[in-house]
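I'll drop the sequence and a predicted model, then ask my questions.
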Amino acid sequence: MTIGYTAAADIGELIDPDQGLVSRQVFTDPGVYQLELARIFARCWQFVGHESQIPSSGDFVSAYLGEDPVLVVRQDDGSIAGFLNVCRHRGMKICKLDAGNAPGFSCSYHGWAYDRRGKIVDVPFQEMYAQAPLDDDWAAVPIAQVQSYKGLIFGTFDPDAPSLIDYLGDFAYYLDVLVDRREGGTELIGGPNRWIIEANWKFGAENFVQDGHHSFASHVSALMAVQDDDQDTLDFPTGCSVRPGGGHGGVWFAENTLALVARDPLLLDYHRDVVRPESVKRLGRERDPIHNIGAFTVFPNFSYLTGVQTIRVWIPRGPDHMEVRAWTIVDRDAPQAVKDAQLRFVRTTFSPSGLLEQDDGENWSMCQDTLRGHVSRRLDTNVRMGLGQPFDPDTTRPGRVMPGWNEEPGRGFFKRYGQLMTDPTSRVWEKEDLS
Amino acid sequence: MTTSVRTKVSAELQHEVEQFYYYEAELLDGGLYREWLDLVADDITYEVGTRPTVDAYNEEAVPPSLAFEDDKRSLTWRVNRCETGMAWAEEPRSRTRYLITNVRITPTGDDLAVRSNFMVYRNRLETTVHFLAGERQDTLRPAGDGDFLIARRAVTLDQNVILSTNLSMFF
């Protein structure tokens, strides 16, 4: 195997997810990265926005599927369309803005104009295309499928990918704790926090799929900082994970930890007196502990924290950089003062300046930095916590539920990762990864 | 964006305000955050945001993207954090250099509305470097003897996607 530019045929050798062994090569190798763009980001469902961002016809947001820029546009009939933000003529972006409202999009290079669906509506000197007509084949490339799940908009370039609800599978049960905890659903408030971390996108995705236990070492300073006195905050609660299949997963604290980081009574009272009782009525008591604060990833790169209510994508930016785009998600029916408090809380804790999140950037970028070394790069990353430990035999929650801190969801994440990376056919959508 | 107003204040007031900012920058460069907190009014509103890429006629297309939305209490948490010895983003501490320029003062009643430009150079561990430039819009409250309290600070970072692994510093 060529070190530093792995060929597609060799990818399978880098991952042994059942044993929790993943070569660190997959976090840095340019060959692996290019294959990820093709086999993961050009095929899997990825988050591109929230319906509340584009309420009116002509509203649009820019987003990315992998490194491919896309536009997500509210149509005149209320539906949502998405297409590649790339002019079919020379490849210029047809829209340079983060968001806005437009009747259509016009390329600034030669003036090719597209409507809200991405169809070509005008091209200068059109008579010279009489023998080479610019028919619908030359429309902006549509995202093959755009679907919403309770306000969250996802897209995939793979026409053969299963529907979004089938893709989520058993994970929808857990996602509902974020987006269906109250009547009225959710909305995004505030603009996104966007920043570059000098680390591979999988550091973010893997962390949120399973890693509650890093808080003990990584984030203890934040827990100490927000306490009003010198009380001992080191009595670290235990957790519980789920591996529901599909590479998705998550983990939640077994005790209510929101009060350890949130100090605003308005927010804590709302969470205790409104959110949790209503969520129990809607979703059942079994899902109530997930509000304690949980971390989850929808494969490959959409993550969120329940309780905290931050959602984000880890956009790949080359093998050794990612762009984080993070928003605050609130209950649409919450009082404005609570929404404002939630936004302030997220900005203070989980943002580039976040009392907790600052340290993740430091740790991940240094994990990436050591990948420059030949010996360091060839090591396996250890995803073995909880290996062989029993699953909860009594749970009625879907998926494999494992009590205690563990890295079982990460093994599921990398199992799915390996399947997608080694199988370019649509058969990959039929595989179950819990075998 | 703010509209430009050319204001003329006395050389003495200009000098006092600039000296205040140089002192503040020295505290931040030195990691003397507890002392820096003493310059902050108890009722401060403190915000740091980035700048969206939007049409000039449709700046509301993206709501404000704030990375800090603080009051004195949460600023104090940040300082507490730095003093735990386990705030890994700044442990060991980065080397920083705060440059404050273009100080424009507009008296507003008892307070001063002051705009200034800044460049923060951060050099971390071995070779990590981040540059952060932007504008502060402050309300300074005279505290006698040429001293001031920062009653409001709204910082605009001149970036869309923040080109820094984190914002573990103050602005």
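Received it, and whenever you're ready, just let me know what you need. Numbering: from 1, shown residues only, chains lettered A, B, ... in the order given.

Grab the nearest non-local neighbour of the closest residue to chain A within chain B.
The minimum distance from chain B to chain A, using C-beta to the nearest C-beta, falls at B:Ser65 (3.3 Å). Heads up, the C-betas are built off the backbone N, CA and C, glycines and all. Nearest residue to B:Ser65, sequence neighbours excluded (C-beta to C-beta, 6 or more residues apart in numbering or on different chains): A:Gly191, at 3.3 Å.

okay, now that neighbour: neighbour count?
21 (other C-beta atoms under 10 Å in any protein chain shown).

In this structure it contacts B:Glu59, no?
No: A:Gly191 is not in contact with B:Glu59 according to C-beta atoms under 8 Å; the separation is 11.2 Å.

Now the common contact residues for the two.
Overlap of the contact sets of A:Gly191 and B:Glu59 (by C-beta atoms under 8 Å, 6 or more residues apart in numbering or on different chains) consists of B:Pro52.

Surely A:Leu164 and A:Gln147 touch.
Yes: A:Leu164 is within contact range of A:Gln147, at 4.0 Å (criterion: C-beta under 8 Å).

Between the two, point out the one with more neighbours.
Legend: neighbour count by other C-beta under 10 Å for A:Leu164 and A:Gln147, higher for A:Leu164 (20 against 15).

OK, contacts around that one?
Applying C-beta under 8 Å, 6+ apart, one finds that A:Leu164 lies in contact with A:Trp45, A:Gln145, A:Gln147, A:Ser148, A:Tyr149, A:Phe154.

Next, the buried residues of the helix ranked longest in chain B.
Assignment by DSSP state H gives helix B:11-29 as the longest helix of chain B. Within helix B:11-29, the residues scored as buried using 16 or more other C-beta atoms under 10 Å in any protein chain shown are B:Glu16, B:Val17, B:Glu18, B:Phe20, B:Tyr21, B:Glu24, B:Ala25, B:Leu27, B:Leu28.

swap in stretch A:83-95?
Buried-residue list, stretch A:83-95, by 16+ other C-beta under 10 Å: A:Phe83, A:Leu84, A:Asn85, A:Val86, A:Cys87, A:Arg88, A:His89, A:Lys93, A:Ile94, A:Cys95.

Can you get me a residue count around the residue nearest to the second one when sequence neighbours are not counted?
Pointing back at A:Leu84 there. Setting aside the residues directly before and after it, A:Leu84 is nearest to A:Val141 in space (C-beta to C-beta, 6+ apart), at 4.1 Å. Applying other C-beta under 10 Å, we find 16 residues neighbouring A:Val141.

and if you look at B:Thr156?
Taking other C-beta under 10 Å as the definition, B:Thr156 ends up with a neighbour count of 19.

and what of B:Gln137?
With other C-beta under 10 Å as criterion, B:Gln137 counts 16.

Please apply the same query to B:Thr76.
Neighbours of B:Thr76 using other C-beta under 10 Å come to 17.

now do A:Gln34
The burial count for A:Gln34: 14, using other C-beta under 10 Å.

Can you name the residues that contact the residue nearest to B:Ile100 when sequence neighbours are not counted?
What sits nearest to B:Ile100 in space, not counting adjacent residues and going by C-beta to C-beta, 6+ apart, is B:Tyr21, at 4.5 Å. Going by C-beta under 8 Å, 6+ apart, B:Tyr21 touches B:Ile100, B:Val103, B:Ser116.

Look at A:Ala63 and give its secondary structure.
What DSSP: H, G, I helix; E, B strand; the rest coil gives for A:Ala63 is strand.

who's in contact with it?
Residues near A:Ala63 by C-beta under 8 Å, 6+ apart: A:Phe47, A:Val48, A:Gly49, A:Pro69, A:Val70, A:Leu71, A:Val72, A:Gly82, A:Gly155.

export those to a markdown table and tack on neighbour count and secondary structure?
Listed next are the contacts of A:Ala63 as a markdown table, based on neighbours: other C-beta atoms under 10 Å in any protein chain shown; DSSP: H, G, I helix; E, B strand; the rest coil:
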| residue | neighbour count | secondary structure |
| --- | --- | --- |
| A:Phe47 | 23 | strand |
| A:Val48 | 25 | strand |
| A:Gly49 | 29 | strand |
| A:Pro69 | 16 | strand |
| A:Val70 | 27 | strand |
| A:Leu71 | 27 | strand |
| A:Val72 | 25 | strand |
| A:Gly82 | 29 | strand |
| A:Gly155 | 24 | strand |
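
Fine, thanks again, bye for now.
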